[in-house]
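**Q** Please find the sequence and the predicted model below.
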Amino acid sequence: MSKRWIHSKLRVQLAAWYLAFFSVLFVLLGLVLYGVLSRSLERRLDEALVTQANTAAALMREEMEEMHGDSQAAANGVIAEMQPRSSVVAILDDRMMLASSAPPRTDLKPAAAEALTSRSADSLWRWRDWGRYGARGAVRTVSIGKRTFVVMAIESLDSIAQELQVVRDTLLVVIPLLLAAAGIGGYLITRRGLAPLDSMAAQSRKITGASLETRLTIGDAAEELTTLAASFNELLSRLDQSFASMRRFVQDASHELRTPLAVIQAEADVTLSRDRSPAEYQESLTTIQEESRRLARLVDDLLNLASADAGHVQLRVEELYLNDLVAECCRSMRPLAAARNVELECRSSNDVAVRGDEQLLRRMILNLLDNAIRYTPPGGRVTAGVETQGSEVRIQVADTGIGIAPEASTHVFDRFYRADKARSRQEGGFGLGLSIVKWIAELHHGAVELASQPGHGSTFIVHLQRG
């Protein structure tokens with residue numbers, strides 16, 4: 001399935017939704033207009049019939065005075081004077097038809113026409129249910145002396161039906177044309193609106209792992225598409241950084257692995273080049289053993305970081321006293337501190353209970369102590385302690401060492417980063433210790449921060465939550 005076909009299908013789907021929306025809109029609009037027009041025509045007809053009935057009632061009163069009470073002559077006079085063209089006017093007296101105008105057309109229902117022409121008052125009264133006969137009517141009562149007359153004005157709805165038929169025919173022609181125009185317009189608008197997406201797709205197909213620095217450009221597009229392009233560019237930036245970090249990680253790891261392997265291979269080659277004394281063999285094996293341990297420690301750190309990146313590390317959470325754990329770590333690191341003539345001080349505090357993985361927390365503290373001791377010159381001091389502040393626990397490891405420059409402070413937690421690469425390698429470090437510290441702190445929903453000044457030492461603070 002080609003991408004061009006997918007894009008075309010998307011355009012057709014959007015155009016179809018656009019057409020469906022306007023179809024419903026136009027149909028509803030047509031129904032509303034038809035209903036409004038129908039009620040307007042009926043209301044206008046009702047007003048005309050009421051006017052006719054009122055006029056006939058007024059004329060009946062005048063004619064009765066002129067005819068000296070002759071109701072028949074007065075009714076005939078009213079009909080003759082009004083001469084309705086499109087309606088029927090009937091005058092009744094005591095249920096007797098006095099006079100009525102003949103139906104102007106044959107469009108009245110047969111029963112209505114028969115009632116009007118038969119001069120039967122009873123049938124005409126029964127016919128007052130105008131809707132049954134397709135007509136509208138108005139009735140007025142006139143009291144003259146002691147007599148009461150009824151005036152009716154009636155008209156067929158056929159004229160309205162004819163007008164509405166014209167409207168229906170017009171709508172049946174106009175709405176399909178409008179829908180066709182809406183469909184074509186919707187497709188063109190959708191095609192134009194999705195053009196930036198086609199451009200983005202074409203540009204993204206050209207981006208490879210070697211060209212992640214490329215960014216999408218869509219020109220003047222809708223805000224939503226601009227936001228989408230910006231989000232995609234941000235994704236490319238993160239991928240570019242990740243790939244660069246990965247490449248740097250592989251290069252650094254390869255370099256770190258190559259050094260101990262080269263030492264082991266060289267030591268073995270030199271030792272095996274000729275027969276040597278037991279002391280020389282022992283010295284070579286000791287060198288190989290040290291480099292092997294260094295290599296094993298590096299591989300172990302890499303595996304731990306790889307497991308962390310993959311999210312495969314599961315905490316073995318248990319309740320422990322953090323002050324006791326810091327004290328134990330200090331006791332473990334005192335031989336290293338004494339060998340380097342560095343004073344190691346552990347400030348005890350009250351019991352501080354936390355929940356966490358004891359082994360990982362131990363490794364975090366040991367890494368901080370090891371880092372502080374290695375970068376503190378002889379005669380210096382390293383201090384470790386635990387503080388509490390509300391629900392937060394802080395582990396502080398401070399030293400009086402060489403400090404860290406401001407430009408390096410933001411990178412000390414990066415993998416394989418070392419401010420003094422030559423000294424770090426001489427000290428046996430890989431540049432992974434602080435990365436592991438940060439990972440363990442974040443794994444326990446905490447954080448680590450650094451406060452340092454060159455020549456005045458460094459202080460690492462790990463923030464953890466109680467419980």
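**A** Looks like it arrived, so ask away. Numbering: from 1, shown residues only.

**Q** Would you map out the domains in the chain?
**A** Structural domains annotated on the chain: 3-161, 223-308, 314-465, as defined by automatic domain parsing.

**Q** Over to Gly379. Which of the three states is it?
**A** The local conformation at Gly379, judged by DSSP: H, G, I helix; E, B strand; the rest coil, is coil.

**Q** That one touches Asn341, doesn't it?
**A** Yes. The pair Gly379 and Asn341 qualifies as a contact (C-beta atoms under 8 Å) at a distance of 6.1 Å. The C-beta positions use only the backbone N, C-alpha and C, and glycine is treated the same way.

**Q** re earlier: mean neighbour count and distance to Arg191 added to the domains of the chain, as CSV?
**A** Formatted as CSV, the entries for the domains of the chain read as follows, by neighbours: other C-beta atoms under 10 Å; distance: least, C-beta to C-beta, whole Å:
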stretch, mean neighbour count, distance to Arg191
domain 3-161, 16, 5
domain 223-308, 14, 14
domain 314-465, 17, 48
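
**Q** quick one: low-confidence parts of the stretch 101-250 of the chain?
**A** Of all residues in the stretch 101-250 of the chain, those with pLDDT under 70 make up the ranges 102-133, 193-194, 201, 209-213, 216, 218-225, 245, 248-250.

**Q** Show me where it has its helices.
**A** Chain-ordered helices for the stretch 101-250 of the chain, with DSSP state H, counting those that start in this stretch as the definition, fall at 110-117, 121-126, 158-205, 223-272.

**Q** I'd like the ones you listed as a markdown table, with distance to Thr383 appended.
**A** Putting the helices of the stretch 101-250 of the chain into a markdown table (distance: least, C-beta to C-beta, whole Å) gives the following:
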| stretch | distance to Thr383 |
| --- | --- |
| helix 110-117 | 113 |
| helix 121-126 | 114 |
| helix 158-205 | 54 |
| helix 223-272 | 30 |
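
**Q** Can you tell me how far the nearest residue to Thr190 once chain neighbours are set aside is from Phe149?
**A** Nearest-residue entry for Thr190: Leu14, 4.3 Å, with adjacent residues in sequence omitted and distances by C-beta to C-beta, 6 or more residues apart in numbering. Distance, Leu14 to Phe149, by C-beta to C-beta, to the nearest Å: 69 Å.

**Q** Next: Arg192.
**A** Taking C-beta to C-beta as the measure, Arg192 falls 73 Å from Phe149.

**Q** One more: Leu303?
**A** The gap separating Leu303 from Phe149 is 113 Å, by C-beta to C-beta.

**Q** ranges for the helices of the stretch 301-450 of the chain?
**A** Taking DSSP H, counting those that start in this stretch as the criterion, the stretch 301-450 of the chain contains helices spanning 322-339, 358-374, 406-409, 421-427, 433-443.

**Q** which residues sit in contact with Ile373?
**A** With contacts defined as C-beta atoms under 8 Å, 6 or more residues apart in numbering, the neighbours of Ile373 are Met333, Leu336, Ala337, Arg340, Val342, Leu344, Val382, Asp399.

**Q** er, Lys438 I mean
**A** With contact taken as C-beta under 8 Å, 6+ apart, Lys438 is in contact with Phe413, Val448.

**Q** what about stretch 182-199, distance to the chain center?
**A** Relative to its chain's centre, stretch 182-199 lies at 23 Å (C-alpha atoms, centre = their mean, to the nearest Å).

**Q** Equivalent analysis for stretch 335-349, please.
**A** Computed by C-alpha atoms, centre = their mean, the chain-centroid distance of stretch 335-349 equals 55 Å.

**Q** same question, stretch 142-149
**A** Once both centres are worked out by C-alpha atoms, centre = their mean, stretch 142-149 turns out to sit 77 Å from its chain's centre.

**Q** Quick check on the nearest residue to Val150 once chain neighbours are set aside: phi, psi?
**A** Counting by C-beta to C-beta, 6+ apart, Leu92 is the residue found nearest to Val150 once chain neighbours are left out, at 4.4 Å. Main-chain dihedrals, Leu92, degrees, to the nearest 10: phi -120, psi 150.

**Q** Next: the one 5 residues further on.
**A** Backbone torsions for Met97, taken as degrees, to the nearest 10, come to phi -70, psi 120.
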